[in-house]
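Visitor: After the sequence you'll find the predicted model.
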Amino acid sequence: MKYNVAVIGAGIAGQQAAVDIANQGYKVVLIEKEVSIGGKMITLSKVFPTMDCCSCIATPKMSEAAKHPDIDLFTFTVVNKIEELKPGFTIKATKKAKFVIEKDCIGCNRCADVCPIDYPDEIWEHGLGVKKAIQVPFDNAMPQCAVLDPDYCTFCGACAKVCPTDCIDYTQEDEEIVLEADSIVLTTGYEHTPIENKKEYHGEEYKNVLSGLQMERLLAPHGPYGHVLRPTDGKEPWSVAYVQCAGSRDESVGVPYCSRVCCMYAVKQTMLLAGKLPLADVTVFYMDIRAFGKGYEEFYQEAKIMGINFIKAKVAKIKELPNGNLMVRYEKMEEGGGVDEMEMEMVVLSLGMMPGTEVNRMLDIDVDEYGFVETPKANIDPTVTSMEGVYVAGAASNPKDIVDAIAEASATAMKVGLYLSSLYTKGHATEAKVKEEI
């Protein structure tokens, strides 16, 4: 299978890059390791600073990428190795078994209705919700195809009996695939720093200490509870604290850099909380508020006007009380300093961003000391990498917000178009579709 461009990672940056490249007339393969495209953005409630609905923005883009005639989509596919051909690349990947014949599945989800097994959904609900052993991942997933998890399935046969297209295949195995492309776009995204990194916050132990993405799911209208509730007892929290820099700007956990988006997603969430829980006290413990983008400072000031309490302080530790509440101990950086404590019903840790994939394990490309893709011309062309024909966009090269990721993806698409035009003019065209005018 030969393509002009392979885009690795189908978050918002990958989708934007793939669509923009395909709209230039090139054949694109979009590869995603999860069972649906969409990345982190599709799990969010709203975007800052406009407070637009994330699903309203992301779903049309997902549909466009999945149904574009010049984009082939490979989901649940892990890239193992990318070899340089000069020019071009060979991509060796593993397409994981879904135990469902994808072309026959109509996404009716009848299999999930009869499946007797429930288990925690760690991918889309971040452990707060449950999923069936076989189901369509979520309502607006792309592709709309059910996936069976053999680690939890009892192979009782109930799903196969009700499937109207007889697409359940319990014997399906992983498939090794080989693709060729003339150019590579890396949009492998990010992961949050592990919540257990800061042992003194007990994020892995205390159920009422949540990550930012978990709070996003509680705030989302399609979230696991349908409302903001404490995981331990299902009650509305009357006080919520945000701990900033809980995974960034901290040499003790190996992440000394600023992750850029943590301040703004915390401000956004506090404003959403104020709307959903108007009587709740919401406090943000911060070292610095870095509102760097257009309209971000005004967004932050609006949160203060709404009554959100911002305390310039460094949180030392969090201790769980017998009633499930949390005692937050912190050192004030203003008002003469000193140590103080505050009892809260829920705490949200603003975790940092780290590379989503160890890119240099699958491709011989330069990365920085933290694992982000190195961009040698960052000041004048942040899409170029150390390898000819390989480009990068989004959080694969450094932490960035959705706006910057989308803009950079479009810039990358234009750069790829220029590279391919030059390549094919020199007579290096492949069997894949190319522009008619070349």
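Guide: Structure's in. What do you need? Quick caveat, the model's predicted, so the values are computed rather than measured.
Visitor: alpha carbons only for contacts and neighbour counts from here, please
Guide: Noted.
Visitor: which SSE is residue 179 in?
Guide: Take DSSP states H and E as the rule and residue 179 turns out to sit in strand 175-186.
Visitor: If you count neighbours, what's buried in that strand?
Guide: Buried residues in strand 175-186, counting neighbours by 16 or more other Cα atoms under 10 Å, are found at 180, 181, 182, 183, 184, 185, 186.
Visitor: ok, the nearest residue to residue 256 once chain neighbours are set aside - contacts?
Guide: Using Cα to Cα, 6 or more residues apart in numbering and skipping the chain neighbours, the partner closest in space to residue 256 is residue 249 (4.1 Å). For residue 249, the contacting residues are 255, 256, 257, 258, by Cα atoms under 8 Å, 6 or more residues apart in numbering.
Visitor: How many residues are close by the second one?
Guide: Applying the criterion other Cα atoms under 10 Å, we find 14 residues in the vicinity of residue 256.
Visitor: Repeat that for the third one.
Guide: Applying other Cα under 10 Å, we find 17 residues neighbouring residue 257.
Visitor: ok, now how distant is it from residue 246?
Guide: From residue 257 over to residue 246 the distance is 12 Å, taken as Cα to Cα, to the nearest Å.
Visitor: what ranges do the strands span in the stretch 101-250 of the chain?
Guide: Using DSSP state E, counting those that start in this stretch, the strands of the stretch 101-250 of the chain run over residues 118-121, 129-132, 134-135, 147-148, 175-186, 190-192, 209-211, 239-243.
Visitor: Strand partners (parallel or antiparallel) of the first one?
Guide: Right, the one you point to is strand 118-121. When pairs are called by DSSP bridges, strand 118-121 turns out to pair with strand 129-132 (antiparallel).
Visitor: outside of the partner strand, which residues touch it?
Guide: Counting by Cα under 8 Å, 6+ apart, 112, 115, 116, 117, 118, 119, 120, 121, 224, 225 sit against strand 129-132.
Visitor: Low-confidence ranges, the protein, go.
Guide: 427-438 (pLDDT under 70).
Visitor: Can you give the domain ranges for it?
Guide: Listed domain ranges for the chain are 2-95+174-189+356-425, 110-162, 194-352 (source: automatic domain parsing).
Visitor: closest to residue 101 out of those?
Guide: domain 110-162 (8.7 Å; Cα to Cα).
Visitor: quick one on the thing from earlier: need the strands of the stretch 101-250 of the chain in JSON lines (columns: distance to residue 262).
Guide: Formatted as JSON lines, the strands of the stretch 101-250 of the chain follow (distance: least, Cα to Cα, whole Å):
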{"stretch": "strand 118-121", "distance to residue 262": "24"}
{"stretch": "strand 129-132", "distance to residue 262": "24"}
{"stretch": "strand 134-135", "distance to residue 262": "32"}
{"stretch": "strand 147-148", "distance to residue 262": "33"}
{"stretch": "strand 175-186", "distance to residue 262": "23"}
{"stretch": "strand 190-192", "distance to residue 262": "10"}
{"stretch": "strand 209-211", "distance to residue 262": "11"}
{"stretch": "strand 239-243", "distance to residue 262": "10"}
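Visitor: Which of those strands sits closest to residue 2?
Guide: Proximity to residue 2 (Cα to Cα) singles out strand 175-186 among these, at 4.6 Å.
Visitor: Which strands or helices does that closest one pack on?
Guide: On a contact count with 3 or more Cα pairs under 8 Å, 6 or more residues apart in numbering; DSSP states H and E, strand 175-186 meets strand 2-8, strand 89-95, strand 390-392, helix 402-425.
Visitor: orientation of it relative to helix 402-425 in degrees?
Guide: 100 degrees (axes from the mean of the first three to the mean of the last three Cα atoms, to 10 degrees).
Visitor: What lies in contact with strand 175-186?
Guide: Strand 175-186 is touched from outside by 1-9, 14, 87-97, 389-393, 396, 412, 416, 420, 430, with contacts defined as Cα under 8 Å, 6+ apart.
Visitor: Sort out which of those are buried, if you could.
Guide: Neighbour-count burial (16+ other Cα under 10 Å) applied to these gives 2-9, 14, 88-97, 389-393, 396, 412, 416, 420, 430.
Visitor: For residue 321, grab the count of nearby residues.
Guide: Residues near residue 321, counting by other Cα under 10 Å: 12.
Visitor: One more: the one 4 residues further on?
Guide: As a burial measure, residue 325 scores 20 neighbours (other Cα under 10 Å).
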